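> Predicted model, plus sequence, below.
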Amino acid sequence: MSAPDSRRLSPSTLWRLDRGTSRILRGMATLASGSFAAKLITLVSLPVITRLYAPEHLGALTVFTGLVILLTPLVTLQYNRGLPVARCGASAINLLALTVGCILGVSLLLGILLAFGAGPALELLSMQVLLPYWWLLPLGILAAATYVTLQLWATRARSYRRMAGAEVTQSAVASLGQIAMFFMLPGALALILARVLAQAGAMMMLAARFRADLRRLARHVSLRRMRVMAWRYRSFPTYRLPSQLTLITASKMPVFYIAGVHGAATAGQFGLAMMALALPMSLIGRNMGKAFFGEAAQLDRTAPTELRRMVVHVTRILGGVGMLATAIIMLAAPPLFP
């Protein structure tokens, strides 16, 4: 069925669509403000951190973060991506239980494999820089995967303020922790441990915010329903997981290659440059994706035939925003980056 022509929609339908578009833009603004505050905290602390730690320490953190990002979709099997589009609360809570089970099971398996073969595995991947910190990998992946899953639960609830608050908290805890731990722990261990603890703290913050909802829906959880959810959303591990792994591998491969060939110090410098280049995308593109995903999922459940017009409307607005942002960056980059 083709989407209805906007000229044939009733005034009440148009009002709902415009309200939905406005909610997306407000959600994007809320997430962008939180992301901007989090990035600002990181940028303010960066001159201190880069003077406390050597480039090879920053390189170890860059490689560790890249590997965690790469393996996070694998431990969830991408079932968490179905949370915003689940039709009812009972389906969503069983899908959440299925995802948490996958996270715990795969993280435990990964920890066992690393305990017996961390050396050969990391050497095969040219990531010897992480060998002293292999035990933090399962913990980091567990915290990151759970945090991403709870973010998607918050996206379903369209709780953008909580998502923004958790991101700011994570950035503040990571930055302050990395500075404080410099005086207590050696080099890269302090950087990596502070990052893991910050992610775990943000995860627990989101979990505490949704504790009442999770308890209320917990009575619907059963193994039979979890199996039903696994079959209903089987396309996520079948199709989305390989595509996501390919995408992340392509984006993180330069970090792994530079660390393996040129050393951790060069990888640390490269990581700093990539963080600066990724800032506009994280402020606009990723935050827009989170807000739009939540609103589109809600509209798909309530008025699926109206979704296309809202996509077109939002795309036009963001096209103008993107052109303006590109012009500003092109003019400001030469004096700003040095």
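On my side now, so go ahead.

> Okay, now the unreliable bits of the stretch 151-300 of the chain?
276, 279-288, 290-291, 294-295, 297-300 (pLDDT under 70).

> can we see that at 90?
151-152, 154-175, 182-189, 202, 205-206, 208-210, 212-214, 240, 244-245, 247-300 (pLDDT under 90).

> Quick one: classify Ala278 as helix, strand or coil.
helix (DSSP: H, G, I helix; E, B strand; the rest coil).

> What is the neighbour count of it?
Residues lying near Ala278 (other Cβ atoms under 10 Å) number 14. All C-beta atoms are positioned from the backbone trio N, CA, C, and that covers glycine.

> how close does it get to Gly263?
For Ala278, the distance to Gly263 equals 22 Å [Cβ to Cβ, to the nearest Å].

> And Trp153, by the same measure?
40 Å.

> Compare the two (neighbour count), which wins?
Trp153 (24 against 14).

> Could you find the closest non-adjacent residue to that one?
Using Cβ to Cβ, 6 or more residues apart in numbering and skipping residues adjacent in sequence, the residue nearest Trp153 is Leu83, 5.5 Å away.

> I'd guessed the one you found sits against Leu150; true?
No. Contact status for Leu83 versus Leu150: not in contact, 9.4 Å apart, counting by Cβ atoms under 8 Å.

> which strands and helices sit next to whichever strand or helix holds Ile103?
Following DSSP states H and E, one finds Ile103 within helix 89-124. Contacts defined by 3 or more Cβ pairs under 8 Å, 6 or more residues apart in numbering; DSSP states H and E place helix 89-124 against helix 55-76, helix 136-156, helix 211-217, helix 223-232.

> Turn those into JSON lines, columns for distance to Ala38.
JSON lines is the format used below for those (distance: least, Cβ to Cβ, whole Å):
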{"stretch": "helix 55-76", "distance to Ala38": "15"}
{"stretch": "helix 136-156", "distance to Ala38": "13"}
{"stretch": "helix 211-217", "distance to Ala38": "23"}
{"stretch": "helix 223-232", "distance to Ala38": "32"}
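
> Figure out which of the ones you listed is closest to Arg240.
helix 55-76 (8.2 Å; Cβ to Cβ).

> In terms of secondary structure, what does that closest one contact?
helix 89-124, helix 136-156, helix 187-209, helix 241-262, helix 264-281.

> Could you list every helix and strand in contact with the second one?
Using 3+ Cβ pairs under 8 Å, 6+ apart as the contact criterion, the elements in contact with helix 136-156 are helix 55-76, helix 89-124, helix 160-181, helix 187-209, helix 287-302.

> Nearest the geometric middle of the chain, what residue?
Val148 (5.3 Å; Cα atoms, centre = their mean).

> gap between that one and Arg219?
26 Å.

> With Ile248 instead?
The value you get for Ile248 to Arg219, if Cβ to Cβ is used, is 36 Å.

> Check Gly322 too.
Gly322 is 45 Å from Arg219, by Cβ to Cβ.

> same check, this time on Ala190
43 Å.

> Those two - which one has more neighbours?
Ala190 (22 against 9).

> Am I right that that one is in contact with Ala174?
No. Applying Cβ under 8 Å as the test, Ala190 and Ala174 come out as separate, 11.2 Å apart.

> follow-up on the earlier one: export the helices and strands packed on helix 55-76 to CSV and append columns for distance to Ser235.
Shown next, in CSV, are these (distance: least, Cβ to Cβ, whole Å):
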stretch, distance to Ser235
helix 89-124, 13
helix 136-156, 16
helix 187-209, 26
helix 241-262, 10
helix 264-281, 27
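
> Mind checking those helices for the one nearest to Leu31?
helix 136-156 (9.8 Å).

> Of all the residues in that closest one, which ones are buried?
136-156 (16 or more other Cβ atoms under 10 Å).

> what does stretch 167-185 give?
Result for stretch 167-185 [16+ other Cβ under 10 Å]: buried residues 167-175, 177-179, 181-182.
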